[in-house]
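>>> Sequence first, predicted coordinates after that:
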Amino acid sequence: MSAAPAGSGWQVVRLLSAPHRLGFFAAALVFAASGLWWAGVWIAGALGHPPAWAVPPAAAHAVFMSLGFMPLFVTGFWLTAGPRWLGLPGIDARSLLWPVGTMLLSWGLAVAGFHASAWLAALGLTLGAAAWTALCWRFTTMLRRSRADDRLHASGVTLACWAGAAAWWVAAGAAAMEQINVLRSASIFALWGFAATVFTVASHRMLPFFEGGAPGWLEALPPRWLLVALCGALWVEGVFSVASLWWQPWPRGVLWSRVVLDASVGGLLLGLAGRWALMHSLRIRLLAMLHAGLLWLAVSFGLAAVSGAMQALSDGHASLGLAPVHALTMGYLGTTLMAMAARVVSGHSGRPVVADATLWALHWALQVGVLSRVIGSVWPAASSLFIAVAALVWAAVATAWAWRYGRWLGQPRADGRSP
C-alpha cells in the first residue's frame, strides 16, 4: 500500500477504525481535563477565589483520578491486546462508541456536580458505572469464548475490571447519599483493586514486547508466582487502606504485620529493579521508563512500611500521610501509563517504537512532579508549595501527552498501512 498523501490530516472518523484509537483518544481527553481541572482548582485557591464544592475536594479528586481516564485507557488497550492474547477476532471500534461516549459524558456531569450538586455528580457516576459494567461484560464474554491455553493474564485483567465496576457503583451511591467516607473507600478500592492490578498484570505480560534489544532474560515471561504475589499484595494493601478509613487506631500487632508485608514487597520490587539495572536495560528509554515506574512502586511500598512503623510507634499520631499513595499513582501508574500507551500509539500509527526526545522530556518532567508531591506529603511546612508544583506539572505533562498522541490517533498511519 502506498504512503498516505502528504496533505492527509486529522479526521474524527479515523478514531472508529481501531479500538485503541477511540479508547485512547477519549482517555487522552479525560487525562488532560483531569490535570487542568485540578491545577485550576489550586490556582483559583491561590488567587483567593476557591471554587464552590458540593463534594469535598479531596474526595472528588480521588474518584476522578482513580476512575476517570484509567478505564478508558484500559478499554483501548484491552480491546486491542485482549483478542490477540485470547486468540479471538479483532473488535469493531464502532461498537464501542456508545460506552466510550457515555463515559465521556458521565465525567462532564460528575465534575460539574462536584462543584454544583452532589446529585448531579451521582448521575454522572451512575452513567459511567453503567457504561463500564457493559464493557466488563464484554471482557467476560471474550474470556469465556476463548480456547487459548494461557488465560491467566486475561483473567486477571477481567477480574480487576469488575473490581473497578463495583467501586464505581459504590461511588455513585455514596455521592447520591453524600456519604463521603464511602466515596473515599470506593476510590481507594478502585486504585488498588482495579488500576494498580491491571497495570501489574499488563506489565507482567507485555514486558517481553518492550524488549527491543534488551538482555535475553526478558525473552521469557517473568514467573507466575511473582504476578500472583504482587497482585495479592496490592489487594491486601487496598483492604488495609479502606479499613483504615473506618477503624483507627489499629492494634500494634496489625500495624507491624502490615509493615512487614509492605517492606517485603518493597524489597522484592527493588530487587527486580536492580536486576534490570545490572542487565543494562536502561540504555533503552522505553524500558528505562518502565524501570522508573517499577522503582516508584517499590518506593510506594517502602514509604507505606515507614508510615506504618511511625503509626505503630506513635499510637497512630504520626505517619507519612499521602506520600505512599502518590508514589503509587503519579509515580508507578503515571510513569507506566506514559510508556505503555506511547508504545501502543506509536506502533499502531506506523511510527518508531521509541521514547524520542519529546516523550523523554515528558517522562522527566513527570518525575519532578511525583517527587514534588511526595515531598509535599512529608514536609507539612511547605506542603502547599510542593503540592501546587505537582499539580501544575501533572497538568502540563498530561496536556502535552494528550495533544501529541491524540493528534496521532486521528491521523493516517505514517507508513501508509491500514490501522
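Received the coordinates, thanks.
>>> So, low pLDDT: which residues of the stretch 201-350 of the chain?
Residue ranges of the stretch 201-350 of the chain with pLDDT under 70: 207-222, 276-282.
>>> all helices for it, in order.
Listed in chain order, the helices of the stretch 201-350 of the chain (DSSP state H, counting those that start in this stretch) span residues 224-246, 252-278, 285-313, 323-326, 335-348.
>>> The second one versus helix 285-313: what angle between them?
Pointing back at helix 252-278 there. 160 degrees (axes from the mean of the first three to the mean of the last three C-alpha atoms, to 10 degrees).
>>> Please identify the buried residues of stretch 354-366?
Of all the residues in stretch 354-366, those buried under the rule 16 or more other C-beta atoms under 10 Å are A355, L359, L362, H363, L366. Every residue, glycine included, has its C-beta placed from N, CA and C.
>>> re the thing from before, dump the helices of the stretch 201-350 of the chain to a markdown table, plus mean neighbour count and distance to G40.
Rendered in a markdown table, the data for the helices of the stretch 201-350 of the chain read as follows (neighbours: other C-beta atoms under 10 Å; distance: least, C-beta to C-beta, whole Å):
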| stretch | mean neighbour count | distance to G40 |
| --- | --- | --- |
| helix 224-246 | 17 | 27 |
| helix 252-278 | 17 | 34 |
| helix 285-313 | 22 | 26 |
| helix 323-326 | 24 | 19 |
| helix 335-348 | 22 | 22 |
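>>> picking up where we left off before, so which of the buried residues of stretch 354-366 belong to helices?
Using DSSP state H, L359, L362, H363, L366 are the members of the buried residues of stretch 354-366 that sit in helices.
>>> Could you find the closest non-adjacent residue to the third one?
Sequence neighbours aside, M289 is the residue nearest to H363 in space, at 5.4 Å (criterion: C-beta to C-beta, 6 or more residues apart in numbering).
>>> The one you found and L362: what is the separation?
According to C-beta to C-beta, to the nearest Å, M289 and L362 sit 10 Å apart.
>>> what sits in contact with each of those two?
Taking C-beta atoms under 8 Å, 6 or more residues apart in numbering as the contact definition, M289 and L362 share the neighbouring residues M338.
>>> ok, which stretches of the protein are strands?
Counting by DSSP state E, no segments of the chain form strands.
>>> The residue nearest to H363 reaches A339, doesn't it?
Yes: here M289 lies in contact with A339, judged by C-beta atoms under 8 Å, at a distance of 3.8 Å.
>>> Overlap in contacts, these two.
Shared contacts of M289 and A339 (C-beta under 8 Å, 6+ apart): A355, H363.
>>> OK, contacts around W379?
Residues in contact with W379 (C-beta under 8 Å, 6+ apart) are F386.
>>> from now on call the first residue 51
Will do, 51 is the new start, and the previous item becomes W429.
>>> Ramachandran angles for it?
For W429, the backbone dihedrals are phi -130, psi 80 (criterion: degrees, to the nearest 10).
>>> gap between it and G371?
Plainly put, W429 is 10 Å away from G371 if you go by C-beta to C-beta.
>>> rewinding a little: please render the ones in helices among the buried residues of stretch 404-416 as TSV that adds pLDDT to the earlier fields.
Supplementary listing: these in TSV, determined by pLDDT from 0 to 100:
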residue	pLDDT
L409	95
L412	97
H413	97
L416	98
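>>> out of those, who's nearest V286?
Checking those against V286 with C-beta to C-beta, the nearest one is L416 at 27.6 Å.
>>> my read: the closest one touches A448, true?
No: distance between L416 and A448: 9.1 Å, which falls outside the contact criterion (C-beta under 8 Å).
>>> count of neighbours near A160?
For A160, the neighbour count with other C-beta atoms under 10 Å is 27.
>>> pretty sure it is touching A179, no?
No: because the distance of 10.6 Å does not satisfy C-beta under 8 Å, A160 is recorded as not touching A179.
>>> related to what we said a few turns ago, from I437, how far out is the residue nearest to H413?
On the measure of C-beta to C-beta, M339 and I437 end up 24 Å apart.
>>> now do D199
Between D199 and I437 the distance is 48 Å, computed by C-beta to C-beta.
>>> In terms of neighbours, single out the busier of these two.
Legend: neighbour count by other C-beta under 10 Å for D199 and I437, higher for I437 (18 against 7).
>>> how about the nearest residue to that one, chain neighbours excluded?
G426 (4.1 Å).
>>> That neighbour contacts V420, correct?
No: the pair G426 / V420 is not scored as a contact, 10.7 Å apart, by C-beta under 8 Å.
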